[in-house]
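Participant: okay, structure incoming, though there's no sequence with it:
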Ligand SMILES: Cc1ncc(C[n+]2csc(CCOP(=O)(O)OP(=O)(O)O)c2C)c(N)n1
Ligand SMILES: Cc1ncc(C[n+]2csc(CCOP(=O)(O)OP(=O)(O)O)c2C)c(N)n1
Ligand SMILES: [Mg+2]
Ligand SMILES: [Mg+2]
């Protein structure tokens, strides 16, 4: 086990950065759309968005390899999901309840997933996904595969769950190629970190598990790409499980039903940078693109989202009569009880 | 939060040391008795003993104040229980199923407790007692009391439970006067620490919770009395929760049904000192007592245990016909279902 | 007018005001007032007695248990009933067994925002009353009215045993009463929510209202069903149920929970055992379907029983 | 001669030998061979496939779920069924819902050493089958014979759904058979453990043997009871139960679990609903008492049903 890593940030390759930026843009725009559809009463269930968390999230999805790796996103990971290969259409279908969406109306919104593609479908109970990612990694190792890695997202609140502790400790014991990404966005719903934990730095926990820890300013896309990429590389090449503790502020309510008026304004000056305009500034400064190009990307993203919404809205909704009301797959063992 | 404490051990006051030693002796002798009764088929349920763990355990019980403090012992805390004021007779009654024992035959052996006296009755699920002790402390603080403290025992295995993590973190957030005593006796049943955690030192966890940590060689009674006493004092005087990580070896099987043949012999040389003869040696070296006195104490302890066994064996056993088969106290709300 | 949710808030305010041993502990229950606002304003009104907890259900319940053993009357709010699985062990193995094992009571109240609403999906919709009722040592309340939500919560806090208080999220805003009750039916007794001669529907929580809506509809066709509101599922008031079946000769047990086991099986089994001769037709059950609770309202509306599906089941029992 | 426990070991050995996707994970299951020796020698025979886990039930089940989703066939051993409360959330909310939500099966087998033995007390004696059977998405097996312990465990590992395998600790050493079976009854079908004309006792797991002992005793008095062994409690083979009740006209459901709800309530409710006309007397249930499982054998012997208390209940039903 080594000391927490504090890396000096040197900008990543422009293509990588621009790809990440465009995904962030798509995430932001799509989530703003879902939020407005929610306000219009067009979405059932809650809408939880990742505003301000896109740089961190995209870095995870983009550093992973679909087909090889496992990704367990949470509620604020629209950007990571898209970067890992989800289509905006499938995401949108889930929000709009299309029968063609991956969850077929059975589960909704942020609970979507594609387990066969390594994109797990979160359950709500926080902390529960970590050991499940470990299980998939364990399976792959047992089958003799190598070069794979898993990444799992958790919030500052989620670190207080017993499930988090059991799973992180287990991953360390098993030396699995797991990257645990803690997004410390200062709040768990309305609860500030002062009521969530009492340590000076969540990163101190890494040592207590025998894992390498990485600190990260999640408002900075370059830092995110570099640190997340590095941690994933370490895990992939036999470095064992890694823990990233990323600092940022949730730039929205807990969900779209919540105005977040309890957020301490001081937080905005201290950790509240918005990663999206910050990333844009770096692009312009480095002249990797000009304002016109960025505006064109934004328009493309808006169009893609609008098309996805239009398509999903035309699709059939779940039909209770066509639904297979059976929770197991072994047909002969379905309980004969019928009411 | 401060650095883990590594104190230089200076011997405690002789009276304190001798009192602790005599309790250790009583614990050792009574548990040897239970073990032999178990082998003779006279005890139902498992017998789990604290051989080698008496110095640590007694230091907890002796540093606490019955009537003021809370104590949640575990399966290897015969010494701590006795030091906290339990009678050998009540302990023995529980093992022998006497109806006059504190659990009245409803629960057995190590599960005994006297919650009204601050001596909690453990449930088997490891980790579960920690937050419960916190609750009692919380209650006392809310009622405006002060100067109280709670101590809770947990093993190396128990640190892997989600309950441990949630509760330790919670105690830190609430700044409760709680002392968490981790007895790292190298095994959880047959499982060595290498399959239990991957950190260099469990003490590293203290910092991750924002607690003060104390390392301790639990084969050394003087060190135990000093460090445990100090941690309890700190908690009592507003220092917040404390974590002690004590190193020792389980000098017996997991229970008396188990010969512990999986224990790595190397452990015996490395951490396997037996606290009881070690304590005796210090007494003799310091001339706090001579061999004859110690032998007299031993005889007294043997007599006390034999008397307790004889008494408990004469007492009535639980009687199903006299038993109140009701799990709630509000009589009018007992479920009318009768079969 | 006061809603079911407001009644829960008011009961907690009264409990806090009347008894210094009461405190509330749970995620976001403090200044924020809780995910559903069931503790709105209470942190301010009762400083230091309404506390935000970390995201740690096991430790939340554990702390409440320790405080209760030490003489307090904690109320725990689970953010959703579904998350109580994570605090399950402390509830069923610690709180529930404590009095029997040690003779020392453990008076905690665990509030579970329960049951389905449109779009809530598999993890924010569950009905967990039967899970807890199975365990010796727990009282399980399932209030269906504003009055019961208020008076039963007060009683839950007052009694010396651990209580699982299943409050239904669908009723939070939908259900309104003129005023808070000043008197209350005793806890442990079921209530005839509507009298009728043709068939007894036994229900609890939100399903009482589906049954009442069904009764209204069927009354138009000349069928008079009697609706029994169980109020508590443990203890379960077999006498009132049997007395009703004695009048009607027919039984339909309706519950929002899954079909295997649960309250409905218990009700039917009791009536079959103790009221066999009273039955003029086979007793029947109507439950949710045997799948997780679906997210989409199109599916959800079919998954759980409704006035309409109750009516179908009633007609079937009447035809036998 | 082979014991029930050895059959469980042999089934796991066969599963490991036949299918490279199988592995075993749990506390002390490796070199030590498990608290009950159900995995004795397997770590050595199948290197790297029988692994000791940390004291972390939630993560143990979670890891198994992830591996199962990824194509493996994990077997999880809980050290005692009672500790599965700590892994409860992963079982009921993750494993049980996964196929329905995503279409991807989650074939884990969770072995629960269940039920009471003398001196085991409140936390090492529990019967948790009903808890799991309530949840959609789980299969719950409760083998009562050496043959079933073997063949049903093989089937549990083979099928694509999550299985809760309730093996009874009381049967571990007590129950012996000549040899392992080469053929097996299909899983999901109940078995007539003893034929009789006067009354049907429905039982499962250890209670099958109490019922058989009772049948033996009553046969001496000229009463012939039929004993149905459910084998799985979810699915529950209503047809076989109904066919038996059709022959005898009388039903007594016997279970070691607590009285509120559970398998017995489900059995009685099904028979009352679907076989009402077959019953010549009210159906009855016999369960453990409604308290935690007592530690002392004097109390335990009265807490759970026995051949003797079953006989009392049988006579009561026959007298009606
Ligand atoms: C075990 C559990 N308890 C409670 C909840 C309800 N809940 C949903 S999100 C949330 C706050 C999560 O905070 P955090 O982990 O910091 O993530 P963030 O929302 O900030 O991204 C809570 C309490 C839950 N999902 N799971
Ligand atoms: C939650 C839970 N899982 C499993 C067990 C079974 N069990 C009882 S003692 C034990 C080992 C405990 O090891 P440790 O915590 O190191 O304490 P020690 O026995 O060494 O004192 C286990 C696994 C339990 N009691 N609780
Ligand atoms: Mg957060
Ligand atoms: Mg240990």
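Facilitator: Received the coordinates, thanks. The shown structure was predicted, so the numbers you read here are calculated from the model rather than taken from an experiment. Ligands and ions are numbered 1, 2, ... in the order given.

Participant: per-residue confidence at the residue lying closest to residue C:159 once chain neighbours are set aside?
Facilitator: Nearest residue to residue C:159, sequence neighbours excluded (CB to CB, 6 or more residues apart in numbering or on different chains): residue B:330, at 4.9 Å. (C-beta placed from N, C-alpha, C; glycine too.) Listed pLDDT for residue B:330 reads 96.

Participant: neighbours of residue B:330, just the number please.
Facilitator: By the measure other CB atoms under 10 Å in any protein chain shown, the count of residues near residue B:330 is 20.

Participant: please look at residue C:289 and residue C:301 and confirm they touch.
Facilitator: No. With contact defined as CB atoms under 8 Å, residue C:289 does not reach residue C:301; the gap is 11.5 Å.

Participant: just want to know which of those two has more residues nearby.
Facilitator: Using other CB under 10 Å as the criterion, residue C:289 and residue C:301 rank with residue C:289 on top: 22 against 15.

Participant: ok, the closest residue to chain B within chain C to chain D distance?
Facilitator: With CB to the nearest CB as the measure, residue C:66 is the residue of chain C nearest to chain B, at 2.2 Å. Going from residue C:66 to chain D by CB to the nearest CB, to the nearest Å gives 18 Å.

Participant: what pLDDT does the residue in the stretch 151-300 of chain C that ligand 1 sits nearest to get?
Facilitator: Nearest to ligand 1, among the residues of the stretch 151-300 of chain C, is residue C:169, at 13.8 Å (CB to the nearest ligand atom). Note on residue C:169: pLDDT of 98.

Participant: list the contacts of it.
Facilitator: The neighbourhood of residue C:169, defined by CB atoms under 8 Å, 6 or more residues apart in numbering or on different chains, consists of C:36, C:113, C:114, C:115, C:116, C:117, C:120.

Participant: show me which pair in those is furthest apart.
Facilitator: Farthest pair in those (CB to CB) is C:36 and C:116. Separation: 14.6 Å.

Participant: more neighbours: these two, which one.
Facilitator: Legend: neighbour count by other CB under 10 Å for residue C:36 and residue C:116, higher for residue C:116 (24 against 20).

Participant: tell me the secondary structure for the more buried one?
Facilitator: coil (DSSP: H, G, I helix; E, B strand; the rest coil).

Participant: if I look at it, how far off is residue C:300?
Facilitator: The spacing between residue C:116 and residue C:300, counted by CB to CB, to the nearest Å, is 6 Å.

Participant: which neighbours do these two share?
Facilitator: Shared contacts of residue C:116 and residue C:300, counting by CB under 8 Å, 6+ apart, come down to C:125, C:293.

Participant: strands of the stretch 1-150 of chain A, start to end?
Facilitator: Remark: strands assigned in the stretch 1-150 of chain A by DSSP state E, counting those that start in this stretch are A:70-72, A:150-155.

Participant: got the contact list for the closest residue to residue C:251 other than its chain neighbours?
Facilitator: In space, and not counting its chain neighbours, residue C:251 is closest to residue C:283: 4.0 Å by CB to CB, 6+ apart. Residues counted as contacts of residue C:283 (CB under 8 Å, 6+ apart) are C:250, C:251, C:252, C:253, C:268, C:271, C:272, C:317, D:269, D:272, D:273, D:276.

Participant: quick one, domains of chain C?
Facilitator: Split into domains by automatic domain parsing, chain C comes to C:2-177, C:191-318.

Participant: adding distance to ligand 3, write those out as a markdown table.
Facilitator: A markdown table is the format used below for the domains of chain C (distance: least, CB to the ion, whole Å):
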| stretch | distance to ligand 3 |
| --- | --- |
| domain C:2-177 | 9 |
| domain C:191-318 | 24 |
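
Participant: most tightly packed of those?
Facilitator: domain C:2-177 (a mean of 24; mean count of other CB atoms under 10 Å in any protein chain shown).

Participant: how far does it sit from the chain's center?
Facilitator: In terms of CA atoms, centre = their mean, to the nearest Å, the centre of domain C:2-177 is set 11 Å apart from its chain centre.

Participant: between the two ends of it, how far is it?
Facilitator: Distance across domain C:2-177, first residue to last, is 5 Å (CA to CA, to the nearest Å).

Participant: what does stretch A:187-206 give?
Facilitator: Separation of the first and last residues of stretch A:187-206 by CA to CA is 21 Å.

Participant: and that stretch, which residues are buried?
Facilitator: For stretch A:187-206, burial by neighbour count (16 or more other CB atoms under 10 Å in any protein chain shown) applies to A:187-193, A:195-199, A:201-206.

Participant: can you tell me which of those residues are in strands?
Facilitator: Counting by DSSP state E, the buried residues of stretch A:187-206 place A:187, A:188, A:191, A:192 in strands.
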